[in-house]
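>>> Any chance you can model this:
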Amino acid sequence: MSTNPVCETPHGDVQLGTFEEVLVDPGRYYNDHCLIRAGDTWHFFGIVGNTGPGVPIDPANEISIAHAMSPDLRDWEIHPDILHATGIWPEEDMVFAPNVIEHDETFYMLYAATDARRIQRLCLATSTDLFEWEKYDGNPVIVPSIYWSEWPGFAVHEPDPHRSFGGCRDAHILKLDDGSFAAYWVSRLREDKFGEGMVGVAASVSHDLVHWQEFGPIYARHEFVQPLTLEVESPCVVRKDGRYWLFFKHAWWTWYIAADTPFDFWGKEAKRLGYAHAAEVFEWQGEWWISHCNSDPHDYERCNTAIGRGFFLGKLDWPQGEEPRLL
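Next comes the predicted model:
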């Protein structure tokens with residue numbers, strides 16, 4: 001059981017965990033990220049931007065994806081950024097939120113890109129060595145169906161007639177038992193079909209990681225107008241104890257839901273794990289790990305200390321047959 005503090009708020013208790021900042025690049029910050037182990041080495045890929053005294057965090061500067069390597073998740077060697085935004089549709093604005101999986105000696109990365117109106121789409125790049133990446137000529141590979149998704153645009157906070165917002169980002173790829181792949185990503189649901197203020201996680205399926213068939217929304221909930229995060233963000237799905245566990249960020253919390261199948265989290269109870277931003281959950285050396293980024297891990301409001309921090313690691317207490325807890 002976690003012995004870390006629980007902060008009481010008008011919106012519910014926030015459980016805090018113990019995290020160690022293991023990857024820092026002075027003058028830059030990290031945000032949504034992924035980890036992949038190749039041979040004896042861990043590779044980190046993530047959002048990166050500039051920070052420092054008098055330099056505000058500006059997502060518009062997130063125009064490349066960071067890369068670092070480590071043998072043990074503690075000592076990291078930073079390498080040059082990869083996948084710079086081209087400035088050409090669909091990458092007129094940003095590239096961000098990568099996720100990587102290996103298949104048949106090739107690495108496949110899904111990453112989000114935004115056009116000049118901030119409309120998001122998921123794109124593909126491939127590599128054989130994790131250093132040199134080739135973008136797919138047919139990008140984007142995943143866009144939401146407008147039958148269910150409030151896409152390609154809706155106003156956020158202050159409507160701007162020249163810039164809208166279309167949610168299709170934060171991919172997480174999982175290999176399924178039949179050898180196919182599921183990509184989980186986030187979007188907003190149409191008000192005329194699902195009601196006002198519904199945000200959630202959708203899925204697409206593929207047999208080759210290039211051509212994707214949309215499955216549609218697999219989980220949705222009402223947005224939090226306050227605090228912090230309006231959308232559901234950063235889904236991560238892992239298989240454990242014969243079940244599928246969906247982790248996602250919403251408001252001040254990382255939440256989790258368990259289901260018996262990889263595509264049906266509707267109607268299941270979402271529980272608050274605690275504060276971890278853009279968390280990746282994974283098993284290594286018989287332990288369950290959870291990541292955090294971009295802010296002091298105790299500043300769940302992200303306003304009392306400087307944001308723009310590095311990459312953090314923590315651990316979960318997750319015995320067999322039980323539910324996860326932050327350590």
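>>> Okay, now the unreliable bits of the chain?
Counting by pLDDT under 70, the ranges of the chain that qualify are 1-3, 52-58, 153-165, 225-227, 304-306.
>>> can you give me the end-to-end distance of stretch 187-207?
Terminal residues of stretch 187-207 are spaced 23 Å apart (CA to CA, to the nearest Å).
>>> quick one: that stretch to chain centroid distance?
16 Å (CA atoms, centre = their mean, to the nearest Å).
>>> What residues sit buried inside it?
187-190, 194, 198-206 (16 or more other CB atoms under 10 Å). Quick note: C-beta positions are derived from backbone N, CA and C, even for glycine.
>>> Let's see which of the residues you listed end up in strands.
Taking DSSP state E, the ones among those that sit in strands are 187, 188, 198, 199, 200, 201, 202, 203, 204, 205, 206.
>>> wait, what's in contact with residue 212?
141, 142, 183, 204, 205, 206 (CB atoms under 8 Å, 6 or more residues apart in numbering).
>>> right, and the pair among those with maximum separation?
Farthest apart among the contacts of residue 212 by CB to CB are 141 and 205. That separation is 12.4 Å.
>>> re the thing from before, dump the contacts of residue 212 into JSON lines; add distance to residue 95 as well.
Converted to JSON lines, the contacts of residue 212 look like this (distance: CB to CB, whole Å):
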{"residue": "141", "distance to residue 95": "14"}
{"residue": "142", "distance to residue 95": "15"}
{"residue": "183", "distance to residue 95": "17"}
{"residue": "204", "distance to residue 95": "19"}
{"residue": "205", "distance to residue 95": "24"}
{"residue": "206", "distance to residue 95": "21"}
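>>> Out of those, flag the one nearest to residue 246.
residue 183 (13.2 Å).
>>> Could you tell me how many residues sit around that closest one?
A count of nearby residues for residue 183, using other CB atoms under 10 Å, gives 26.
>>> what's the answer for residue 78, then?
Counted with other CB under 10 Å, residue 78 comes out at 15.
>>> Number of residues surrounding the closest residue to residue 261 other than its chain neighbours?
Spatial nearest neighbour of residue 261, excluding adjacent residues (CB to CB, 6 or more residues apart in numbering): residue 244 at 6.7 Å. Neighbour count for residue 244, taken as other CB under 10 Å: 21.
>>> Roughly how far does residue 244 sit from residue 312?
25 Å (CB to CB, to the nearest Å).
>>> Likewise for residue 110?
Distance from residue 110 to residue 312, by CB to CB: 23 Å.
>>> which one of the two has more residues nearby?
residue 110 (29 against 25).
>>> Just give the nearest non-adjacent residue to the more buried one, would you?
residue 171 (3.9 Å).
>>> which among the ones in strands among the buried residues of stretch 187-207 gets closest to residue 120?
The closest of those, once distances to residue 120 are taken by CB to CB, is residue 187, at 8.5 Å.
>>> which residues does the closest one contact?
Residue 187 makes contact with 144, 149, 150, 151, 167, 168, 199, 200, 202, 217, according to CB under 8 Å, 6+ apart.
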